[in-house]
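Colleague: My questions are about this predicted structure, shown below with the sequence.
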Amino acid sequence: MKRVLIITYYWPPSGGSGVQRWLKMSKYLPENGWQPVIYTAKDAEYPVEDLSLEKDVPPEAEVIRRHIFEPYSFYKKFLGIKKSEKVKAGFINEGKQKKGWKENLSIWIRGNLFIPDARCLWIRPSVRFLKKYLKTHPVDAIISTGPPHSMHLIALQLKKYFNIPWVADFRDPWTEIYYYDDLKLTRRAHQKQCRLEKTVLQKADKVVTVSPHCALGLKKIGAKDMAVVTNGFDGDCNHTGYESDCFTLSHIGIIPPKTSPTIWEAIGELIHENQEFAKHFKLKLIGQIDNRIRDLLSTYGVLGHTEFVSYLPHDRMSEAQSQSHTLLLLIPFFDKAEGIVTGKFYEYLQARRPIMGIGPEDGDAATILKETQSGTMIDYRDKDKMKTYLMTLFSKYLHSCALPANGIEKYSRKALTKEFTAILESLFQMG
């Protein structure tokens, strides 16, 4: 088997969305002729942990863990956060409407002193270790996956020393990610971020990302050779049947602060206007919830109809999805959101439940929903359309909501790994 070094921060025991792409790809790499060599962090500050994911690590994988220093212990001490509390990924202000000077200073330090991200102090020791490792344990290709984009900078340095094909995999954008403008960057820090991003995009032998709009954005910044390999779902979904006593609308995963409030307003109005809907409706939110979302649910009268589940192990997600009548997809409300297609989206497809998406109607997720006939995407502000679609689904909730989900097979992790290994093979042959 050929060997591929995968540089990733997220790896079991990490849970959440960041770990899924390369854990699942690694699972199917061996049957495609590639042995995964995982370079990852030891004792990392993961937002969530999920020990159930350990079973997906293939026996052929070589996993190298190296100690990482992260500044979160100082951050917690400075803000008076308990040591045991997790720092939520992408939550710039932890849901506070009004930030004090400590929060503002912390954000400024994070944005301007830790470039490109809080894992930047791991770059130099990782390069030093991997240079020695690769001399005695050669590999045929390198993949770096970000965020955190410090992983790309490790691979960039290795590329200078070794003539090994390098693929930079962008699960999310770099300077165009939805919370980038909240980092309080100085002009100098912004210029450095842009310079590093452009260097990675131009020096990598191949740049891969998860959606056509993201690919377009990266090309404009300077990517010279782009490919799209989407996220996907793994295995079959065991349909366990609905919760029979209520019409359940479920959202699974992190709800970031930049979410359109119109959906909560629409639900609140239906609860107020329609007694039958109010009697049967339940909103189920599984995962990390920003505090402002709770405030909005309370404001619009939805809180009393809401069930919160802080976290579910990944192996129980399919059960939660299949017990729901409708799955809610929330795309962050900001410019350039057309390319956001989260990993969760494909697992929604797998569940064959109607998907109610709130986001750009001309985005990549909307295109897939239309192509697979799995649901509909509604503009962030279109309250009337949200209410109409919910009532259409509610009127059918006593019947099966399973969908044919046409053509979703190409989004299986097994099929997508074949796509990625085709890229590796082409680079290997060129090398």
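Modeller: Sure, I can see it.
Colleague: hey, C-alpha coordinates of stretch 369-382 in CSV?
Modeller: Taking Å, rounded to 0.1, in the frame of the first residue of the first chain, the C-alpha atoms of stretch 369-382 are listed here in CSV:
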residue,chain,number,x,y,z
LEU,A,369,-31.9,19.6,-2.0
LYS,A,370,-33.6,20.2,-5.4
GLU,A,371,-31.5,17.5,-7.1
THR,A,372,-32.3,14.8,-4.6
GLN,A,373,-35.9,16.0,-3.8
SER,A,374,-35.0,15.9,-0.1
GLY,A,375,-36.5,19.2,1.0
THR,A,376,-36.5,22.9,0.3
MET,A,377,-34.3,25.9,1.0
ILE,A,378,-36.0,29.0,2.2
ASP,A,379,-34.5,32.5,2.2
TYR,A,380,-33.4,33.8,5.6
ARG,A,381,-36.2,36.5,5.7
ASP,A,382,-39.1,34.7,4.1
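Colleague: who's in contact with that stretch?
Modeller: The contact list for stretch 369-382, computed with CB atoms under 8 Å, 6 or more residues apart in numbering, reads 260, 262, 327, 329, 333, 348-349, 352, 354-361, 363, 365-366, 368, 385-386, 389, 403-408. Glycine gets a C-beta too; all of them are placed from N, C-alpha and C.
Colleague: One more: stretch 42-55?
Modeller: With CB under 8 Å, 6+ apart, stretch 42-55 has contacts from 9-10, 12-16, 19, 23, 65-68, 70, 72, 86-89, 288, 311, 313-316.
Colleague: how far does it stretch from start to finish?
Modeller: Stretch 42-55 has its terminal residues 18 Å apart, counting by CA to CA, to the nearest Å.
Colleague: And the chain, what are its domain boundaries?
Modeller: What automatic domain parsing lists as the domains of the chain is 2-232+412-430, 247-409.
Colleague: Need those domains in TSV (columns: mean pLDDT and mean neighbour count).
Modeller: Shown next, in TSV, are the domains of the chain (pLDDT from 0 to 100; neighbours: other CB atoms under 10 Å):
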stretch	mean pLDDT	mean neighbour count
domain 2-232+412-430	90	18
domain 247-409	89	19
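Colleague: before we move on, the earlier item: out of the contacts of stretch 369-382, which are inside strands?
Modeller: Among the contacts of stretch 369-382, the members falling in strands are Leu327, Leu329, Ile355, Met356, Gly357, Ile358 (criterion: DSSP state E).
Colleague: Which secondary structure element is home to Leu424?
Modeller: Element membership for Leu424 (DSSP states H and E) is helix 413-430.
Colleague: Remind me what that helix packs against, helices and strands.
Modeller: Counting contacts by 3 or more CB pairs under 8 Å, 6 or more residues apart in numbering; DSSP states H and E, helix 413-430 packs against strand 2-7, helix 20-28, strand 141-146, strand 166-170, strand 206-209.
Colleague: and if we set it to 6 Å?
Modeller: helix 20-28 (3 or more CB pairs under 6 Å, 6 or more residues apart in numbering; DSSP states H and E).
Colleague: Quick check: neighbours of the helix or strand following the helix it packs on in the sheet, parallel or antiparallel?
Modeller: Next in sequence after helix 20-28, counting helices and strands by DSSP H and E, comes strand 34-42. Strand 34-42 has the following strand partners under DSSP bridges: strand 2-7 (parallel), strand 62-67 (parallel).
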